[in-house]
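>>> Next one to model:
(chains A, B, C and D)
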2 protein chains.
Amino acid sequence: MTTGEGELPGLTALLYAATARLDAHFAACAGAVGLTASQANAVHELAEPLGMRELGRRMCCEPPNVTFVVDRLAERDLVERRPHPGDRRAKVIALTPAGAELRERLFAALACDPPLTGLPDADRRALRVLLDRALRTG
Amino acid sequence: MTTGEGELPGLTALLYAATARLDAHFAACAGAVGLTASQANAVHELAEPLGMRELGRRMCCEPPNVTFVVDRLAERDLVERRPHPGDRRAKVIALTPAGAELRERLFAALACDPPLTGLPDADRRALRVLLDRALRTG
DNA sequence: CTCGAATCATTCGAGCTGTAACGAAGTTCG
DNA sequence: CGAACTTCGTTACAGCTCGAATGATTCGAG
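Predicted structure coming up:
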């Protein structure tokens, strides 16, 4: 949560600061089109109709959360729950025309002045390599 | 929230993965001593008695959240609210002996097998430099 | 075919987090 | 002094997230 002890003060804090920056941008873009961050996350992943389960996997959250978020979006007629052909348990979540239009505006907002892009390509590559290595080596 | 578009799939996802790793370790250590992550965050910062405001600043959250978390900790007699000498509005949050003992155990757990430490020092330094630069250059 | 196990989405309960509004207490300035 | 502004912590409300339990459906072993 903070410095993590044992590592010189910084790395942990920097990682949190970087993700906070990304979150802030995403939340601002979501807000600009009238969505919360979670709702925008769902809309973002709905390039095509998805089952609840698959949507949850892509949103990186648990099923109850998907139900919750989809409820809110459905209330506003941005998505609809369709029966799954061939499995009466499952449902398929699809954007409505209004939802698809809003998704376009979301992407337009996201593309506008995204964070962490002031970095030269070489640095970005190096960063990716180091982070990847850190995650692999534990 | 995911790849962020426009950047090759990776950097954003890697940053989220890294912080997720840190969060998971912290939450696991908190759970090991019977605390939630937020409660552990508060206990972690309470090296010395602090006002609600200052505690919130260090926990990186808003005042109502501090009230909420301190309530839970106070219910379990891990912290106590003392009157602030010289300002009858303010309160001073201090660990009880039980809270201090638990804080020791939390630190012991955190020091055990922390994430992202398999990385050589040179890489860690490079990572810090790059992240710092990324945050500065926007 | 049938019964038990697994899977789907949902509901419930709990906890975390933020914004807005509040009352109490302090501070500033006429 | 006293009124206006600020600051402190809290409450109220809304939303996000998860784990556990549930009911409906599907799948698989026998």
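>>> what bits of chain A have low per-residue confidence?
By pLDDT under 70, the low-scoring segments of chain A are A:1-9.
>>> From the contact counts, what lies against the lengthiest helix in it?
Ordering each helix of chain A by length in residues (DSSP state H) puts helix A:11-32 first. Contacts defined by 3 or more C-beta pairs under 8 Å, 6 or more residues apart in numbering or on different chains; DSSP states H and E place helix A:11-32 against helix A:37-45, helix A:97-111, helix B:11-32, helix B:121-137. No exception for glycine: its C-beta is placed from N, CA and C like everyone else's.
>>> and those helices as TSV, adding distance to DNA strand C?
TSV is the format used below for the helices and strands packed on helix A:11-32 (distance: least, C-beta to the nearest atom of the strand, whole Å):
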stretch	distance to DNA strand C
helix A:37-45	11
helix A:97-111	16
helix B:11-32	9
helix B:121-137	19
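>>> Next up, the contacts around the nearest residue to A:Cys112 once chain neighbours are set aside.
Leaving aside its sequence neighbours, A:Cys112 sits nearest to A:Cys29 (C-beta to C-beta, 6 or more residues apart in numbering or on different chains; 7.7 Å). Neighbouring residues of A:Cys29 by C-beta atoms under 8 Å, 6 or more residues apart in numbering or on different chains: A:40, A:106, A:109-110, A:112.
>>> Could you check how far A:Cys29 is from A:Arg82?
28 Å (C-beta to C-beta, to the nearest Å).
>>> same thing with A:Ala47?
With the distance defined as C-beta to C-beta, A:Ala47 ends up 16 Å from A:Arg82.
>>> With A:Leu46 instead?
In terms of C-beta to C-beta, A:Leu46 sits 13 Å off from A:Arg82.
>>> overlap in contacts of those two?
A:93-94.
>>> So for these two, which residue has more residues nearby?
A:Leu46 (22 against 12; other C-beta atoms under 10 Å in any protein chain shown).
>>> residues contacting the more buried one?
Contact analysis of A:Leu46 by C-beta under 8 Å, 6+ apart lists A:55, A:79, A:93-95, A:99, A:103.
>>> From those residues, keep the buried residues only.
Buried by 16 or more other C-beta atoms under 10 Å in any protein chain shown: A:55, A:79, A:93, A:95, A:99, A:103, out of the contacts of A:Leu46.
>>> most centrally placed residue in chain A?
Centroid-nearest residue in chain A: A:Asn41, 3.9 Å away (criterion: C-alpha atoms, centre = their mean).
>>> does that one really touch A:Met59, like I thought?
Yes. In this structure, A:Asn41 is within contact of A:Met59 by C-beta atoms under 8 Å, at 5.2 Å.
>>> Stretch A:81-101 and DNA strand D in contact?
Yes. For stretch A:81-101 and DNA strand D, the contact criterion (C-beta under 7 Å from any atom of the strand) is met by A:87-89.
>>> ok, now stretch A:37-47?
Yes. Under the criterion of C-beta under 7 Å from any atom of the strand, DNA strand D is reached by stretch A:37-47 at A:37-39, A:41.
>>> among these, which are within reach of chain B?
A:37, A:41 (C-beta under 8 Å from any C-beta of the partner chain).
>>> ok, back up a step: from the contacts of A:Cys29, which is closest to DNA strand D?
A:Ala40 (8.6 Å; C-beta to the nearest atom of the strand).
>>> if I look at that closest one, how far off is A:Leu22?
13 Å.
>>> out of these two, which sits in the more crowded spot?
A:Ala40 (26 against 19).
>>> Look up how far B:Leu15 lies from the closest residue to the more buried one other than its chain neighbours.
Excluding its sequence neighbours, the residue lying closest to A:Ala40 (C-beta to C-beta, 6+ apart) is A:Ala30, at 3.4 Å. Relative to B:Leu15, A:Ala30 is positioned 19 Å away (C-beta to C-beta).
>>> Equivalent analysis for A:Pro97, please.
Taken as C-beta to C-beta, the span from A:Pro97 to B:Leu15 is 34 Å.
>>> No further questions, thank you.
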